[in-house]
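Chemist: below is the sequence, then the predicted model.
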Amino acid sequence: MHNLLIEELASKVEFAKSKENLREILGDICLLSSNERSNKELMLLLDKAIEKSELLDDEKSLVNLIGYKIPVLYNNRENASEVRKLIARMQLISENNNYSDILAWTYSYIWYIEKFEENKKKSIEALEHSLKLLDGLSNYDEYIYHFIRYSYAVEQWLNNHDIESATILEECLIYFFREGFYRSLAQVFGLLSIIYTRMHESKKALNLSNQILANRFIFDSLPLDVRGIIYYFTGLGHMLNANLAIAESYFNEAYNILKPIYKDSIYYSNFLILHSYLATVKGLQGKTDQVYTLTKEAEILLQTDYIKSNLDENTRKQIVHTLNLVKFYNISCLSCYNYQEHQELINEISKGCKDLYSDFMTFSEFILNSNLDSDKLQRLMTIDNFSINRIKHLIEFMLEKQKLEVKISQEQKALNYISILEKHVTTSKTTFIEHAYRDLLIAQQLFSLKRYAEISPLLKQYESRLKQIEVLEMRIFIEAFIQVGAYKNGDPLGSALQYMAIKKCRLYGFSRLEYTLLNYLQLQQKEITRTI
């Protein structure tokens, strides 16, 4: 369908006899160049139209066509030299003809190319100049206006994590959706999903994706890679809510779409990140073998020349960090896990925590099982970012565990642990899985205090919602601990049901949890023996 439109436009370009003829089709070419970035036929059309504009001495059309061509080229470092030449030409034509809105557009391209080549100062200066030019205009092209505003929102988010970026992006989203700029829509949708993630607004992210997916006519007409990226961000929204099976299904859809085409798509970095997210949701569901396959595939891809030359450093760091967290999670589930043997991995994760996004479950398990010293834990407490703020009660919990005050009894220490966990401030954004995780930790302390009667009511609320706890190891643990509480409250089946939980641990390879649950059974049996 799109190739037919390209052919039709190519014919109109060929037979254009005047500037007016050419300008009549600029809007269609703009829309196509935004939506069909990987299309070779589109590149031929752009070159043909540029040639025609030069022949007609139509600099207005020429400078717009150059502006349409640049995004088709600039996501591949191999085209950097050509892009710079096009930007320089676009700038010269705009200045000579006093095309202020197009000059502002040009400077937003300069911002991007300088940012892409990690020239931060030049990049910021270019964007500031672009915004200054835009602010001075009373009349402007709406596409250019939203293009520049999008660029500004990206910069504000990446540099300052300014949540006001979301307001600008929501405005851009409405415009791009209304006007049919679906690739731009996907870009905005993606960044908004990330911002909603960091703001812990997963419901907003899912509402956004559901609106797009609900309109199947529009969705099915989107370019293939755009459909893949929408599946990708929909999966991310579900992953944040710990809806792991649904997240996995969307991630699988994205993976199947992007794998054959990622080298020809602007979403090659998302395809790589997808490996780490898929590994995370699979790992939390106990699919260890699949995690290993995905991890190895991602590591091989990271070493390819294509990825090395095109992937920016921050994205590479995020991918590695997420993979490291899921690797640690899988390793630490084993009874043979020894933190001293994995110090290199632990140190790498610890360094990445400051600036990178960390999944709640894998990060929580890292904090509880990595044996970080008090200095490292204290440093984490001073950092203000979404991922760390979400689990600071666990960091404080571990700091309390490391205190060596001999005057404090074990009973008082357990009470201190409970106090720290109970004081954790929850909000409407706190997920079901976070509540359950905290209550499980409290239940363990109640067991050590022999306050068995309090375990059942604390965990009973989860008994009818166990399927909602899709983190398999955690679900087995809570299931077993509900039975611990039940047994201590006189339920004769409690012990037998605990053995069933232990069998599940053996089935899925959760040998650390198996060892833990066996210890609890032994403690119960010792108490029974003492009572007799």
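Modeler: Nice, I can see it. Numbers count the residues shown, from 1 in each chain.
Chemist: which residue ranges form the strands in the stretch 51-200 of the chain?
Modeler: Shown for the stretch 51-200 of the chain, no strands are assigned by DSSP state E, counting those that start in this stretch.
Chemist: so where do the helices sit in it?
Modeler: Secondary structure of the stretch 51-200 of the chain (DSSP state H, counting those that start in this stretch): helices at 59-73, 80-97, 100-116, 120-135, 142-160, 165-179, 182-198.
Chemist: pipe these into JSON lines and attach mean neighbour count and mean pLDDT per row.
Modeler: Every residue, glycine included, has its C-beta placed from N, CA and C. Shown next, in JSON lines, are the helices of the stretch 51-200 of the chain (neighbours: other C-beta atoms under 10 Å; pLDDT from 0 to 100):
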{"stretch": "helix 59-73", "mean neighbour count": "21", "mean pLDDT": "93"}
{"stretch": "helix 80-97", "mean neighbour count": "16", "mean pLDDT": "94"}
{"stretch": "helix 100-116", "mean neighbour count": "22", "mean pLDDT": "92"}
{"stretch": "helix 120-135", "mean neighbour count": "16", "mean pLDDT": "93"}
{"stretch": "helix 142-160", "mean neighbour count": "19", "mean pLDDT": "91"}
{"stretch": "helix 165-179", "mean neighbour count": "18", "mean pLDDT": "91"}
{"stretch": "helix 182-198", "mean neighbour count": "22", "mean pLDDT": "83"}
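Chemist: so which of those comes closest to L213?
Modeler: Proximity to L213 (C-beta to C-beta) singles out helix 182-198 among the helices of the stretch 51-200 of the chain, at 11.0 Å.
Chemist: got the contact list for the helix or strand that contains I50?
Modeler: I50 is part of helix 40-55 when elements are defined by DSSP states H and E. By C-beta atoms under 8 Å, 6 or more residues apart in numbering, the surrounding residues in contact with helix 40-55 are 3, 6-7, 9-10, 13-14, 16, 22, 29, 32-33, 36, 59, 61-62, 65-66, 68-69, 72.
Chemist: and if we set it to 7 Å?
Modeler: With contacts defined as C-beta atoms under 7 Å, 6 or more residues apart in numbering, helix 40-55 is touched by 3, 6, 9-10, 13, 16, 22, 29, 32-33, 36, 61-62, 65-66, 68-69, 72.
Chemist: ditto for stretch 193-204
Modeler: 157, 161, 163, 165-166, 205, 208, 233, 236-237, 240-241, 386, 429.
Chemist: going by neighbour count, which of these comes out on top?
Modeler: Most neighbours among the contacts of stretch 193-204, by other C-beta atoms under 10 Å: L236, with 27 neighbours.
Chemist: residue contacts, it?
Modeler: Shown in contact with L236 (C-beta under 7 Å, 6+ apart): S193, T197, Y277.
Chemist: and G180, by the same measure?
Modeler: Contacts of G180 (C-beta under 7 Å, 6+ apart): L31.
Chemist: in TSV: the contacts of stretch 193-204, plus distance to A443.
Modeler: Formatted as TSV, the contacts of stretch 193-204 follow (distance: C-beta to C-beta, whole Å):
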residue	distance to A443
W157	39
H161	35
I163	36
S165	41
A166	38
A205	31
L208	37
F233	35
L236	31
G237	30
L240	25
N241	23
F386	27
K429	24
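Chemist: going by distance to N97, which of those wins?
Modeler: Nearest to N97 among these: S165, at 32.6 Å, using C-beta to C-beta.
Chemist: what about the closest residue to D220 other than its chain neighbours, how many neighbours?
Modeler: The shortest distance from D220 to any non-neighbouring residue, by C-beta to C-beta, 6 or more residues apart in numbering, is to R227 (7.9 Å). R227 has 21 neighbours, counted by other C-beta under 10 Å.
Chemist: avg pLDDT for stretch 439-459?
Modeler: On average, the pLDDT along stretch 439-459 is 89.
Chemist: how far does that stretch stretch from start to finish?
Modeler: Terminal residues of stretch 439-459 are spaced 7 Å apart (C-alpha to C-alpha, to the nearest Å).
Chemist: give the buried residues for that stretch.
Modeler: 439-447, 452, 454-456, 458-459 (16 or more other C-beta atoms under 10 Å).
Chemist: what's the closest non-adjacent residue to K460?
Modeler: I482 (6.8 Å).
Chemist: then Y262?
Modeler: F271 (4.0 Å).
Chemist: that neighbour touches L258, doesn't it?
Modeler: Yes - look at F271 against L258 with C-beta atoms under 7 Å: they come within range, at 4.4 Å.
Chemist: mind showing which ranges of this protein have poor pLDDT?
Modeler: 1-2, 37-39, 75-77, 335, 405-406, 485-497, 524-532 (pLDDT under 70).
Chemist: mind doing that once more with 50?
Modeler: Applying pLDDT under 50 to the chain flags residues 1, 528-532.
Chemist: now the helix or strand where V320 lies: buried residues?
Modeler: If you go by DSSP H and E, V320 is part of helix 313-332. Under the neighbour-count criterion of 16+ other C-beta under 10 Å, helix 313-332 has 315-316, 318-332 buried.
Chemist: between helix 142-160 and that helix, find me the angle.
Modeler: 50 degrees (axes from the mean of the first three to the mean of the last three C-alpha atoms, to 10 degrees).
Chemist: what about helix 313-332, distance to the chain center?
Modeler: Distance, stretch centre to chain centre, for helix 313-332: 13 Å (C-alpha atoms, centre = their mean, to the nearest Å).
Chemist: and the next helix or strand past it?
Modeler: Counting by DSSP H and E, the next helix or strand C-terminal to helix 313-332 is helix 343-352.
Chemist: helices and strands around the helix or strand following that following helix, which ones?
Modeler: As assigned by DSSP H and E, the chain's next helix or strand after helix 343-352 is helix 360-369. If contacts are counted by 3 or more C-beta pairs under 7 Å, 6 or more residues apart in numbering; DSSP states H and E, helix 360-369 sits against helix 313-332, helix 392-402, helix 432-448.
Chemist: could you dump the helices of the stretch 51-200 of the chain to a markdown table with distance to K403?
Modeler: Listed next are these as a markdown table, based on distance: least, C-beta to C-beta, whole Å:
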| stretch | distance to K403 |
| --- | --- |
| helix 59-73 | 56 |
| helix 80-97 | 55 |
| helix 100-116 | 46 |
| helix 120-135 | 43 |
| helix 142-160 | 37 |
| helix 165-179 | 41 |
| helix 182-198 | 32 |
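Chemist: out of those helices, the one nearest I218 is which?
Modeler: Using C-beta to C-beta, the nearest of the helices of the stretch 51-200 of the chain to I218 is helix 182-198, at 7.6 Å.
Chemist: one step back: show me what contacts the residue nearest to K460?
Modeler: Residues counted as contacts of I482 (C-beta under 7 Å, 6+ apart) are L459, K460, E463.
Chemist: and for E170?
Modeler: L192.
Chemist: closest to Q343 among the buried residues of stretch 439-459?
Modeler: Comparing the buried residues of stretch 439-459 against Q343 with C-beta to C-beta places L441 closest, at 25.1 Å.
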